[in-house]
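**Q** Whatever this is, show me its structure:
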Amino acid sequence: MRLLVLCTHNSARSQMMEGWVRSQSRLAGLELEVWSAGTEATRVKPEAVTVMAEAGVDLASHASKTLVDLPDPWAFDLVLTVCDDANEVCPAYPARTVRRHVSVPDPSGRDLARWRAVRDGLERMSRRLVDELAVQRIPTDEELAEALAVRAWDAPA
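**A** Presented below is the predicted three-dimensional model:
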């Protein structure tokens, strides 16, 4: 199965989700090709690299990319958008592609506690996704959003 995680800049949320899904699918013995991209490329934010390294997932070699940078960008089995802007401008994919959308809070410009809250939510969401894919089921948007449950998002900065 090929999975694409799509966001606007491919600088934080999509990169973290790619890292989590790749790591967890490897641990589960699930053959899954995981990519992330943005509707425009920028750079991977250092806060994303930092908080993922704290959790044992290395994003240091990741680079921000767009669909044109991916091998066979129109042949994904599952496209997961993790920001509302990317969901709105997500290109049309062939009928066999399943699309899912979860609005993940953007930690950009926030303190590391907010980055960690998003990181931990993405870990829960990726675990749910990998667990379901392991039994050949794709979870709904609602199931993924429930797993995300970024609890500390409304805490004072």
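**Q** Kindly state the pLDDT recorded for the nearest residue in space to R43 that is not next to it in sequence?
**A** Using Cβ to Cβ, 6 or more residues apart in numbering and skipping the chain neighbours, the partner closest in space to R43 is S64 (5.3 Å). Bear in mind the C-beta positions are built from the backbone N, C-alpha and C, glycine included. Per-residue confidence (pLDDT) for S64: 97.
**Q** what about S64, helix or strand, and which?
**A** Per DSSP states H and E: S64 is located in neither a helix nor a strand.
**Q** Could you tell me the phi and psi values at it?
**A** With angles defined as degrees, to the nearest 10, S64 sits at phi -70, psi 140.
**Q** all strands of the protein, in order?
**A** Here the chain has its strands, by DSSP state E, at 2-7, 33-38, 78-81, 98-101.
**Q** buried stuff in the second one?
**A** Buried residues in strand 33-38, counting neighbours by 16 or more other Cβ atoms under 10 Å, are found at 34-38.
**Q** Can you pull up the most central residue in the protein?
**A** M17 (2.9 Å; Cα atoms, centre = their mean).
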